[in-house]
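K.L.:
need coordinates for the below:
(one chain, ligands or ions: 1)
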Amino acid sequence: MMSKRKVPEEETKLDPPVAKQLKILDKTTDERTRAAERSTIVDSGEHNFFGVLGLQDINTKKFLGKSTRPRNHVNPLSKTFLEPLTDLPDWKKVYQDAENPLVVDIGCAAGRFSLMYARKHPEWNHLGLEIREPLVERALIWLQELTPKLYNVYYKSCNVTVHLQPLVESYPSKVQMICVQFPDPCFKRKHHRRRVIQKPILDVFAKLLKPGGVLFLQSDVEETCAQMRDRTENCGYFSRREGDVYSARDPGYIKAIDEGKNDEQHFWTKDGKRALKSTATVVASEAKEAEETETKSEGSKKQGGKEKEVDYGDYGDWLQGPNPLGEDCKTEREVQNESLGLPIYRCIYVRNDVPPPNPSPAYYQVKPAGSSNTSSSSSSSAAAASS
Ligand SMILES: C[S@@+](CC[C@H](N)C(=O)[O-])C[C@H]1O[C@@H](n2cnc3c(N)ncnc32)[C@H](O)[C@@H]1O
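P.N.:
Numbers count the residues shown, from 1 in each chain. Just a heads-up that it's a prediction; the model follows:
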């Protein structure tokens, strides 16, 4: 019988790349398990939060004559999604009273939130915007099948990054509220520019919302929510509501703000703090790279030509208490998160009286019906949206 070789201690230690790979594997498995759990939560068992709506599990193939299984993620900056809108809704046909104020849910996914919120606020019209068309098609079928009918909800498939302004500007009345709820976090640094909340869209929000209009943001990813919050506060058009209570802010961040530096002069350090570029351990080449694209100044650093993921910490400064829209109106993601016991980060703003940008940004243009190639305006849209 062969004697068992004694394994040297160093061999029992995994070399860093292998350890990292295992960690990634663990993470992926966790995420898969969580995704599987999530998908069963929304319409089932004790978590049947949306049961009151009585929605059917629609066989979309039967209704629409095609399979509508949505892809998990789409790239809003890809050419297909940058084509200008040619089919603005006839608002007087889609809503019973198109003079009512409008609530816009950006990235509404299956759209159940709008249905719930519309029952609660029949005095407003509700518009769900979603880039994945099959979800919108199903939501519109749900809308037709509902008893009692809701005449104050509509869904539109579009890429809010380029279509929000022409679409909502064509609405005949005022915009009451814009909600950005659990937007895709686009974790990879190279995908940060796909995130919905960028400076140009905040300019559009500023144009669409009149003083007093509300902007509601929530996410289950703290870094994503912190970035949405910081960008919103830095753009100058939105103020926190009086009387709202927020948790304490990360002291490192307060220091940076006290020094009067704006968001673009900071980056996220490896241990999840914010730091000033000048005082941080950013090597010269990284600083130069950071200047080239804003997204490269956030979230991660390049080392030896390889992207390095950064772990984020706890930044604090979140709206305290339950969902300010009410405990009876939640999004699908919110229901899932709550039932999994995961945290949710929120902030809510009112449009202040700082005049909106003028002239209107050129990159949000609607293509007049029947006009020919607009690829140049499309690509400038993309550039502007991602800059
Ligand atoms: C994580 S889901 C959250 C959905 C929903 N708000 C919720 O809380 O359950 C984000 C949604 O935003 C949509 N989305 C991402 N980018 C978009 C864009 N540029 N325009 C419209 N929808 C977008 C995605 O397709 C996805 O359905």
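K.L.:
just the helices from the stretch 151-300 of the chain, written as ranges.
P.N.:
160-169, 199-208, 222-235, 251-258, 284-292 (DSSP state H, counting those that start in this stretch).
K.L.:
all the strands of this protein, residue numbers only.
P.N.:
102-106, 125-130, 153-157, 175-181, 209-219, 238-240, 266-268, 274-276, 301-303, 306-308, 345-351 (DSSP state E).
K.L.:
quickly check: the second one near the ligand or not.
P.N.:
I take that to be strand 125-130. Yes. Applying CB under 6 Å from any ligand atom, one finds strand 125-130 touching the ligand at 129-130. Where you see a C-beta, it was placed from the backbone N, CA and C, and this is true even at glycine.
K.L.:
what's near enough to touch the residue of the chain found nearest the ligand?
P.N.:
Using CB to the nearest ligand atom, the single residue of the chain nearest to the ligand is residue 107, 2.5 Å away. Residue 107 sits next to 129-131, 160, 180-184, 196 when contact means CB atoms under 8 Å, 6 or more residues apart in numbering.
K.L.:
need the residues of this structure near the ligand, please.
P.N.:
Looking at the ligand, the residues of the chain close enough under CB under 6 Å from any ligand atom are 76, 107-109, 129-132, 159-161, 181-184, 196, 331-334.
K.L.:
what stretches of the stretch 101-250 of the chain score poorly on pLDDT?
P.N.:
Scanning the stretch 101-250 of the chain for pLDDT under 70 picks out 250.
K.L.:
let's go with 90 and repeat that
P.N.:
134, 145, 147-148, 185-194, 199, 221-224, 226-227, 230, 234, 247-250 (pLDDT under 90).
K.L.:
then the stretch 251-387 of the chain?
P.N.:
Using pLDDT under 90, the stretch 251-387 of the chain drops low at 251-317, 336-343, 357-387.
K.L.:
apply 50 and report the result again.
P.N.:
Low-confidence segments of the stretch 251-387 of the chain, defined by pLDDT under 50: 253-262, 268-272, 277-314, 364-387.
K.L.:
ok, how many other residues are close to residue 103?
P.N.:
When counting by other CB atoms under 10 Å, one arrives at 25 neighbours for residue 103.
K.L.:
also residue 56?
P.N.:
Neighbours of residue 56 (other CB under 10 Å): 8.
K.L.:
would you agree it is in contact with residue 145?
P.N.:
Yes. When contacts are counted by CB atoms under 8 Å, residue 56 is listed as touching residue 145 (6.5 Å).
K.L.:
ok, which of the strands of the chain comes nearest residue 191?
P.N.:
strand 306-308 (10.8 Å; CB to CB).
K.L.:
so the closest residue to residue 352 other than its chain neighbours bridges to which residues?
P.N.:
Leaving aside its chain neighbours, residue 352 sits nearest to residue 239 (4.6 Å; criterion: CB to CB, 6 or more residues apart in numbering). Judged by DSSP bridges, the bridge partners of residue 239 are residue 350.
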